[in-house]
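Trainee: need a structure here:
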Amino acid sequence: MNYTLLTDFYELTMANGYMKNGMGDKIAYFDMYYRKAPDGGGFAIAAGLEQLINYFENLKFTDEDIEYLRSKGIFDEQFLDYLRNFKFECSVWAIPEGTPVFPNEPLVTVRGPIMQAQFVETMILLTINHQSLIATKSNRIVRAADGRAVMEFGSRRAQGTSGAVEGARAAYIGGVAGTACTLSDKLYGIPALGTMAHSWVQSFDSEYEAFRAYAEVYPNNCTLLVDTYSVLNSGVPNAIRVFDEVLKPRGITSCGIRIDSGDITYLTKKARVMLDNAGYPQAKIVVSNSLDEYIIRDILQQGAKIDSFGVGERLITSKSEPVFGGVYKLAAIEKDGVIEPKIKLSENVAKITTPHFKKVYRLFANDTQMAIADVMTCYDEEIKDDGEYEIFDPEHTWKRKKIRNFTAVPLQVQVFDHGKLVYNSPPLDEIKRYCEEQLDKIWDEVKRFENPHQYYVDLSQKLWAVRYRLLSEHK
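Mentor: All right, here's what the predicted structure looks like:
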């Protein structure tokens with residue numbers, strides 16, 4: 001499907017207006033960033049870049065698109081001719097998928113003709129906001145599971161097809177082991193997982209017959225749903241009987257049960273004892289039923305006996321906070337080849353932008369390999385890590401710290417150079433591994449669910465001076 005017109009209408013009215021005012025080729029710089037981490041967390045996880053690349057590479061206006069726009073009666077023919085021969089000419093920088101990211105640092109930067117750089121705003125926000133939201137929520141849930149596998153079960157509750165398919169992709173980056181979404185397996189290689197629904201059990205004359213039939217068909221993947229009638233009175237006893245009669249004679253020891261309702265802590269404790277006493281200590285217990293990171297954390301603290309989790313609606317919709325809140329703001333324009341920083345002011349201090357074409361560095365301590373802080377600099381600055389460097393809080397400038405023995409790593413990579421793709425998206429499994437590795441370099445205090453330690457995103461002295469100057473000029 002051609003997504004070129006998946007844009008806010010004002011992107012087109014502004015583009016037409018820029019052209020009429022002789023500004024269409026003016027070079028502009030835009031940043032996409034977020035202001036506050038979801039769920040009160042300390043960070044987010046960048047995701048969605050691969051789909052954004054596909055969008056940029058396939059930008060074109062069809063004859064049908066042109067006729068539709070002409071029918072609106074407000075666009076000049078010169079502008080429509082420009083769209084008919086449209087060629088993406090922007091340069092794009094982005095923080096790679098799977099990177100832990102923090103408020104106010106640019107996840108995506110676009111430089112190019114203002115008509116084009118403005119036009120792509122909607123799709124950048126739609127793609128990065130959605131997948132970053134789900135990757136972040138997924139990782140919170142995976143961390144709550146404390147080493148136990150989490151499976152994404154949310155397709156049927158997702159907001160639309162892309163919410164299900166690309167949501168599963170983002171959840172995999174965040175750490176889930178697999179998905180119930182078959183199409184996500186086909187497209188992205190995310191392991192598709194699943195066994196049976198309650199309807200399978202209800203379709204047979206008895207629960208025992210349903211279990212036995214399933215075990216006969218899938219003896220090497222036999223996880224039985226035991227809560228259709230009564231988990232402890234019939235479900236687990238019938239599962240044990242089938243394990244004895246069908247699996248044990250074949251020498252198969254891999255088996256399990258799933259519980260989808262009731263008091264999970266109580267039921268899993270009792271089921272574990274029943275399985276162990278029957279000679280199946282290796283049998284896995286899988287649970288589902290409207291789980292999130294808080295419920296998972298609580299039931300594990302209560303001693304629930306669980307080997308893996310299936311998490312659906314509260315993951316795929318990020319139900320507790322379903323909006324990521326990323327924004328796309330003008331940061332600079334070029335005049336006669338010189339970059340002129342631009343700032344947006346607001347009565348709401350959080351909405352004041354950081355001007356200029358910027359770089360983002362992450363500073364790592366050489367002795368611990370842990371992240372110290374991120375620093376945004378002007379585009380022509382380099383943080384040298386062979387000596388001493390002073391970081392400071394950009395809002396409370398008296399808070400300063402001199403650091404030594406560190407490594408400064410640029411976070412953004414160039415993705416497009418004047419419309420030409422210059423970046424190879426890594427395989428999804430590599431992105432997932434990279435995410436896990438990078439999270440290991442973030443202190444646990446920053447990863448707390450409640451009241452996380454603030455991780456600083458500082459400004460270089462030069463960039464801070466530019467921002468302060470513009471604030472003073474406009475106040």
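Trainee: Asn289: neighbour count?
Mentor: 17 (other Cβ atoms under 10 Å). C-beta coordinates here come from the backbone N, C-alpha and C atoms, glycine included.
Trainee: return the distance of it relative to Phe309.
Mentor: 10 Å (Cβ to Cβ, to the nearest Å).
Trainee: and what of Phe88?
Mentor: 42 Å.
Trainee: try Gly178
Mentor: In terms of Cβ to Cβ, Gly178 sits 11 Å off from Phe309.
Trainee: out of these two, which sits in the busier spot?
Mentor: Using other Cβ under 10 Å as the criterion, Gly178 and Phe309 rank with Phe309 on top: 27 against 22.
Trainee: mind checking which helix or strand the closest residue to the more buried one other than its chain neighbours is in?
Mentor: In this structure, Phe309 finds its nearest non-sequential neighbour in Val150, 4.9 Å apart by Cβ to Cβ, 6 or more residues apart in numbering. Here Val150 is covered by strand 149-152, with elements defined by DSSP states H and E.
Trainee: ok, residues contacting that strand?
Mentor: 138, 141-142, 167-168, 171-172, 175-181, 193, 307-312, 315-316 (Cβ atoms under 8 Å, 6 or more residues apart in numbering).
Trainee: now with 7 Å?
Mentor: Applying Cβ atoms under 7 Å, 6 or more residues apart in numbering, the contact partners of strand 149-152 are 141-142, 168, 171, 176-180, 193, 308-311, 315-316.
Trainee: now do stretch 197-216
Mentor: For stretch 197-216, contacts defined as Cβ under 7 Å, 6+ apart pick out 196, 222, 224-225, 228-229, 234-235, 238-239, 241-242, 246-247.
Trainee: name the residues of it that are buried.
Mentor: 200-201, 207-208, 210-215 (16 or more other Cβ atoms under 10 Å).
Trainee: contacts only, for Met19.
Mentor: Residues near Met19 by Cβ under 7 Å, 6+ apart: 78-79, 82, 115.
Trainee: what is the nearest of these to Tyr34?
Mentor: Tyr34 lies nearest to Met115 out of these, by Cβ to Cβ, at 25.4 Å.
Trainee: what is the burial count for the closest one?
Mentor: Quick note: Met115 (other Cβ under 10 Å) scores 25 neighbours.
Trainee: looks like it contacts Tyr18 (just checking).
Mentor: Yes: contact criterion Cβ atoms under 7 Å: Met115 and Tyr18 qualify, at 5.1 Å.
Trainee: between these two, which contacts overlap?
Mentor: By Cβ under 7 Å, 6+ apart, the residues touching both Met115 and Tyr18 are Gly24.
Trainee: count the residues that sit near Ile66.
Mentor: For Ile66, the number of neighbouring residues by other Cβ under 10 Å comes to 15.
Trainee: torsion angles phi and psi at it?
Mentor: Torsion angles at Ile66 (phi, psi; degrees, to the nearest 10) stand at phi -60, psi -40.
Trainee: for it, give me its contacts.
Mentor: Contacts of Ile66 by Cβ under 7 Å, 6+ apart are 80, 83-84.
Trainee: from those, pick the one nearest Thr354.
Mentor: Leu83 (32.1 Å).
Trainee: just say helix, strand or coil for that closest one.
Mentor: Three-state call for Leu83 (DSSP: H, G, I helix; E, B strand; the rest coil): helix.
Trainee: nearest spatial neighbour of it, skipping sequence neighbours?
Mentor: Phe61 (4.3 Å).
Trainee: hang on, that neighbour packs against Asn85?
Mentor: No: checked against Cβ under 7 Å, the pair Phe61 and Asn85 is beyond contact range at 8.8 Å.
Trainee: what's around Val422, how many residues?
Mentor: Neighbour count for Val422, taken as other Cβ under 10 Å: 12.
Trainee: let me see the ranges of the strands in the stretch 101-250 of the chain.
Mentor: Applying DSSP state E, counting those that start in this stretch to the stretch 101-250 of the chain gives strands spanning 108-113, 149-152, 178-179, 223-225.
Trainee: could you export stretch 166-183 as PDB, CA atoms only?
Mentor: What follows is stretch 166-183, C-alpha atoms only, in PDB (Å, rounded to 0.1, in the frame of the first residue of the first chain):
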ATOM      1  CA  GLU A 166       4.600  -4.100  14.000                       C
ATOM      2  CA  GLY A 167       3.600  -4.100  17.700                       C
ATOM      3  CA  ALA A 168       4.900  -7.700  17.900                       C
ATOM      4  CA  ARG A 169       8.100  -6.600  16.200                       C
ATOM      5  CA  ALA A 170       8.600  -3.900  18.700                       C
ATOM      6  CA  ALA A 171       7.800  -6.200  21.600                       C
ATOM      7  CA  TYR A 172      10.500  -8.600  20.300                       C
ATOM      8  CA  ILE A 173      13.000  -5.800  20.300                       C
ATOM      9  CA  GLY A 174      12.000  -5.100  23.900                       C
ATOM     10  CA  GLY A 175      12.700  -8.700  24.900                       C
ATOM     11  CA  VAL A 176       9.800 -11.100  24.400                       C
ATOM     12  CA  ALA A 177      10.600 -14.600  23.400                       C
ATOM     13  CA  GLY A 178       7.900 -15.000  20.700                       C
ATOM     14  CA  THR A 179       4.500 -13.900  19.500                       C
ATOM     15  CA  ALA A 180       1.000 -15.400  18.800                       C
ATOM     16  CA  CYS A 181       0.900 -13.300  15.600                       C
ATOM     17  CA  THR A 182       1.700 -15.700  12.700                       C
ATOM     18  CA  LEU A 183       2.200 -12.900  10.200                       C
END
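Trainee: pLDDT on stretch 267-285, on average?
Mentor: What stretch 267-285 shows for mean pLDDT is 98.
Trainee: buried stuff in it?
Mentor: Here stretch 267-285 shows 267-269, 271-272, 274-275, 278, 280, 283-285 as buried, counting by 16+ other Cβ under 10 Å.
Trainee: try stretch 74-88
Mentor: Under the neighbour-count criterion of 16+ other Cβ under 10 Å, stretch 74-88 has 75, 79-80, 82-83, 86, 88 buried.
Trainee: got the CA coordinates for that stretch in PDB?
Mentor: What follows is stretch 74-88, C-alpha atoms only, in PDB (Å, rounded to 0.1, in the frame of the first residue of the first chain):
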ATOM      1  CA  ILE A  74      -6.500  24.900  -3.000                       C
ATOM      2  CA  PHE A  75      -3.200  23.600  -4.400                       C
ATOM      3  CA  ASP A  76      -1.300  25.400  -7.300                       C
ATOM      4  CA  GLU A  77      -0.500  23.400 -10.400                       C
ATOM      5  CA  GLN A  78       3.200  24.200  -9.900                       C
ATOM      6  CA  PHE A  79       3.000  22.500  -6.600                       C
ATOM      7  CA  LEU A  80       1.100  19.500  -8.000                       C
ATOM      8  CA  ASP A  81       3.700  19.200 -10.800                       C
ATOM      9  CA  TYR A  82       6.400  19.100  -8.100                       C
ATOM     10  CA  LEU A  83       4.600  16.300  -6.300                       C
ATOM     11  CA  ARG A  84       4.200  14.400  -9.600                       C
ATOM     12  CA  ASN A  85       8.000  14.300 -10.000                       C
ATOM     13  CA  PHE A  86       8.700  14.000  -6.300                       C
ATOM     14  CA  LYS A  87      12.200  12.700  -5.300                       C
ATOM     15  CA  PHE A  88      13.200  12.400  -1.600                       C
END
